[in-house]
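# Dropping the sequence and predicted coords here.
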Amino acid sequence: MIAVKLSAATKIFPDTAKAGPRLIAVDAVDLDIEAGDIYGIIGYSGAGKSTLVRLINALETATSGSVQVNGVELNGLSERHLRKVRLGIGMIFQQFNLFNSRTVWGNVAYPLSVAGVPKSEHQARISQLLHFVGLADKAHSYPDQLSGGQKQRVGIARALATNPSILLADEVTSALDPETTREVLELLTRINRELGVTIILITHEMEVIKSIAHRVAVMERGAIVERGPVFDVFSDPQSDAARRFVSTIVTAVPEGEELQQLVARHPGRIVTLSFVDGVGSQSVVFSALAASGVGFELIYGGITDVQGKTFGHLTLALTGPDAVVESTITALRDLTAVSEVN
Amino acid sequence: MQQLIALLPTLWTATGETLYIVGLALLFGGLGGLGLGLALYSSRRGSLLQNGIVFTALNIAVNIFRPIPFIIFLAAAQPLARLVTGKGIGNNAIVFSLALASAFAISRIVEQSLLTVHPGVIEAARSVGASPLRIIFTVLIREALAPLILGYTFIFVAITDMSAVAGLVGGGGLGDFAIQYGYRLFNPTVTWAAVAVIIVLVQLVQLLGNRLARIALRR
């Protein structure tokens, strides 16, 4: 089932004296997000991902095109109806955006009041939520008494209060340290697995995508330039933008200056062997290399694990008589993907 | 000094009148200013009920009326005061003019206080499906409570200041007392007695305001 469907969704901010020139923040985006997915949207700041995610809960309305949430077309709905739609979509934020004048309990109670849930049902629901996010002992604390990670947990409990089927996460770990980031991402994974909530996660950190997303879309200048299962995009990025993001956490193929230095420092032929889960086994390749008698040295690269599947690129310097090196490279081509660097 | 002792009952009456004038002016002007400030805040661009025409109209109106010196405003608003309170002179007339003038000043203070609320908090409230009016009354005012309390404390002092000219339109209060019995009768002790009462009054209210703001901030 499709949870969110965008068709040619476009958001244009008109030219104004104060906000600057006309800006096409989201440019005719088509996007299908399956119910139950964790869908990552990655892009640099200004790529339009924040606006895109706000089209889904209608905090921004599309200038043109269609936005459907659980089969309901949002474009053209009245503000009153949009508020109903928002009850079914939770949202969490980079800066947490908690109500500082309310306790943790009060923050989680707020959406329940908005949704008209009777006061008598608040107690059970709120303590269940606070247990789920691990903050049962902080119910009567105020946000300014909490750490960043705890604040984000309150934000998550608040977003889940009305049992939404979709959770929008806007750079939710960008203000957190690595350890807390890991905890929050684990919590999001649990929400997805145990509660079946579809999560749409926008971020500029590839690490976040790698940790929990099932699918990813790469955004650049308002458009989605690449999309697919996370492993596919990581192991074989097609667009420049995706390659740049992947290179932030995966040591891939040496390029430019780095390549020049490697060539200068290492004699012999330099080749890069690529391994993708299930295709080309390292042990077979290295046995073949050892048997060929060619000298080989590992000079660059690495193997990356993405959600239990591995891929990677290893760059080797091969030394030996030219003919032998040549025939060895030919033999390796049968075993895995080989690209010659020089 | 003996004259002052003889005048003490009058001083208490004058203090009572000042409290009456300032209290009522703060109540009505405070409510009017709150409404006007909320309207200014929520009609501005990008806000909850953005409306360029309403914002521009209110903004210009506030800018026109706020800088008028109160002593002139009092004279200019007299026909209106007569219309509303039935009499152009006396304590009620000055309460009316004072409330009206202070509403414009208060609206700016309210607007400023509300602008201290982080827009992300408003967005969070919108994201759970809250309507603009609900957000204004359950999130916005609550989140801005501490600056609002301090703003109203500040305005109390300003209104006390403005109320001193009440004598001009036949009103009473400490200002009138100081001019009539102190200044005109060449009795500085009496003038300073009125000053002392005002200082005590202002100190007490400021103390209360600070305490309430601390409670609102929980520190």
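Structure received. Fair warning: this is a prediction, and the values are worked out from it, not measured in the lab. Residues are numbered from 1 along each chain as shown, chains lettered A, B, ... in the order given.
# now for the helix or strand hosting B:Phe154, which elements pack on it?
In this structure, B:Phe154 is located in helix B:145-163 according to DSSP states H and E. Packed against helix B:145-163 by the contact rule (3 or more C-beta pairs under 8 Å, 6 or more residues apart in numbering or on different chains; DSSP states H and E) you find helix B:2-43, helix B:91-115, helix B:188-217. C-beta: built from backbone N, CA, C; applies to glycine.
# redo that, cut-off 10 Å
Helix B:145-163 makes packing contacts with helix B:2-43, helix B:70-76, helix B:91-115, helix B:174-177, helix B:188-217 when contacts are defined by 3 or more C-beta pairs under 10 Å, 6 or more residues apart in numbering or on different chains; DSSP states H and E.
# quick one: buried residues of it?
Buried residues in helix B:145-163, defined by neighbour count with 16 or more other C-beta atoms under 10 Å in any protein chain shown: B:145-153, B:155-160, B:162-163.
# Quick one: neighbours of the residue lying closest to B:Ala178 once chain neighbours are set aside, just the number.
Spatial nearest neighbour of B:Ala178, excluding adjacent residues (C-beta to C-beta, 6 or more residues apart in numbering or on different chains): B:Ala194 at 3.7 Å. When counting by other C-beta atoms under 10 Å in any protein chain shown, one arrives at 25 neighbours for B:Ala194.
# residues touching B:Ala194, list them.
Residues near B:Ala194 by C-beta atoms under 10 Å, 6 or more residues apart in numbering or on different chains: B:7, B:11, B:14-15, B:18, B:164, B:173-179, B:181-183.
# so A:Glu60 makes contact with A:Val26?
Yes - A:Glu60 is within contact range of A:Val26, at 8.6 Å (criterion: C-beta atoms under 10 Å).
# For these two, indicate the residue with more neighbours.
For A:Glu60 and A:Val26, the more surrounded residue by other C-beta under 10 Å is A:Val26, and the numbers stand at 31 against 18.
# one step back: and which of the contacts of B:Ala194 is nearest A:Ala47?
Distances from A:Ala47 to the contacts of B:Ala194, taken as C-beta to C-beta, are shortest for B:Ala164 (60.0 Å).
# Is it correct that that closest one is in contact with B:Leu74?
No - under the criterion of C-beta under 10 Å, B:Ala164 makes no contact with B:Leu74, lying 11.3 Å away.
# so what's in contact with the two at the same time?
B:Gly171.
# pLDDT averaged over stretch B:158-170 - what is it?
Summarised as a single mean, pLDDT over stretch B:158-170 is 90.
# again with stretch A:274-289
Averaging pLDDT along stretch A:274-289 yields 81.
# what do you get for stretch A:4-14?
The predicted model assigns stretch A:4-14 a mean pLDDT of 94.
# Okay, buried residues for that stretch please.
Within stretch A:4-14, the residues that qualify as buried by neighbour count (16+ other C-beta under 10 Å) are A:4-7, A:9-11, A:13.
# With only the CA atoms kept, save that stretch in PDB.
What follows is stretch A:4-14 as a C-alpha-only set of coordinates in PDB (Å, rounded to 0.1, in the frame of the first residue of the first chain):
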ATOM      1  CA  VAL A   4       2.500   8.900   0.400                       C
ATOM      2  CA  LYS A   5       2.200   9.700  -3.300                       C
ATOM      3  CA  LEU A   6       3.500  12.900  -4.800                       C
ATOM      4  CA  SER A   7       2.900  13.500  -8.500                       C
ATOM      5  CA  ALA A   8       4.600  16.500 -10.100                       C
ATOM      6  CA  ALA A   9       4.400  18.200  -6.700                       C
ATOM      7  CA  THR A  10       5.800  21.700  -7.000                       C
ATOM      8  CA  LYS A  11       6.200  24.400  -4.400                       C
ATOM      9  CA  ILE A  12       7.200  27.900  -5.600                       C
ATOM     10  CA  PHE A  13       7.800  30.700  -3.100                       C
ATOM     11  CA  PRO A  14       6.900  33.900  -5.000                       C
END
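# Run the chain-centre distance for that stretch.
Relative to its parent chain, stretch A:4-14 has a centroid offset of 20 Å by C-alpha atoms, centre = their mean, to the nearest Å.
# Do it and chain B come into contact?
No - using C-beta under 10 Å from any C-beta of the partner chain, stretch A:4-14 stays clear of chain B, with a minimum separation of 10.9 Å.
# How many neighbouring residues does A:Gln260 have?
12.
# Enumerate the residues of chain B near chain A.
Applying the criterion C-beta under 10 Å from any C-beta, the portion of chain B that neighbours chain A consists of B:45-46, B:117-132, B:134-135, B:138-139, B:141-146, B:216-219.
# Which ones among these map onto helices?
When these are checked against helices (DSSP state H), the matches are B:119-127, B:132, B:134-135, B:141-143, B:145-146, B:216-217.
# Buried ones from the residues you listed, can you make that a PyMOL selection?
Of those, the buried ones can be selected in PyMOL as follows, counting by 16+ other C-beta under 10 Å:
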select buried, chain B and resi 120+121+122+123+124+125+126+127+132+134+135+141+142+143+145+146+216+217
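# Check the contact lists of A:Glu60 and A:Val26 and give me the overlap.
Taking C-beta under 10 Å, 6+ apart as the contact criterion, the residues that touch both A:Glu60 and A:Val26 are A:11, A:13, A:50-54, A:67.
# Out of those residues, which one has the lowest pLDDT?
Among the shared contacts of A:Glu60 and A:Val26, A:Phe13 has the lowest pLDDT, at 90.
# Is it bridged to anything, and to what?
Applying DSSP bridges to A:Phe13 gives these bridge partners: A:Leu23.
# Let me see the contact set for it.
A:Phe13 makes contact with A:19-26, A:51, A:60, A:63 under the criterion C-beta under 10 Å, 6+ apart.
# Mark which of those are buried, thanks.
Applying 16+ other C-beta under 10 Å to these, the neighbour count classes A:23-26, A:51, A:60, A:63 as buried.
# so which pair among those is furthest apart in space?
Spanning the widest gap among the buried ones among the contacts of A:Phe13 are A:Ile24 and A:Glu60, at 13.1 Å by C-beta to C-beta.
# Out of the contacts of A:Phe13, which sit inside strands?
With DSSP state E as the criterion, strands contain A:23-26 from among those.
# could I get these as a markdown table with pLDDT?
Written out in a markdown table, the entries for the ones in strands among the contacts of A:Phe13 read as follows (pLDDT from 0 to 100):
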| residue | pLDDT |
| --- | --- |
| A:Leu23 | 89 |
| A:Ile24 | 91 |
| A:Ala25 | 94 |
| A:Val26 | 94 |
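# Go through those residues and name the one nearest A:Tyr44.
Of the ones in strands among the contacts of A:Phe13, the one sitting nearest to A:Tyr44 (C-beta to C-beta) turns out to be A:Ala25, at 13.5 Å.
# Just say helix, strand or coil for A:Leu176.
In the three-state summary, A:Leu176 is assigned as coil, counting by DSSP: H, G, I helix; E, B strand; the rest coil.
# Who are the contact partners of it?
Taking C-beta under 10 Å, 6+ apart, we find A:Leu176 in contact with A:94, A:96, A:147-149, A:151-152, A:182-185.
# Swap in 7 Å and give it another go.
Taking C-beta atoms under 7 Å, 6 or more residues apart in numbering or on different chains as the definition of contact, the neighbours of A:Leu176 are A:148-149, A:152, A:184.
# can you list those residues in TSV and add secondary structure, distance to chain B and neighbour count?
Putting these into TSV (DSSP: H, G, I helix; E, B strand; the rest coil; distance: C-beta to the nearest C-beta, whole Å; neighbours: other C-beta atoms under 10 Å in any protein chain shown) gives the following:
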residue	secondary structure	distance to chain B	neighbour count
A:Gly148	helix	15	16
A:Gly149	helix	18	19
A:Gln152	helix	12	29
A:Val184	helix	17	24
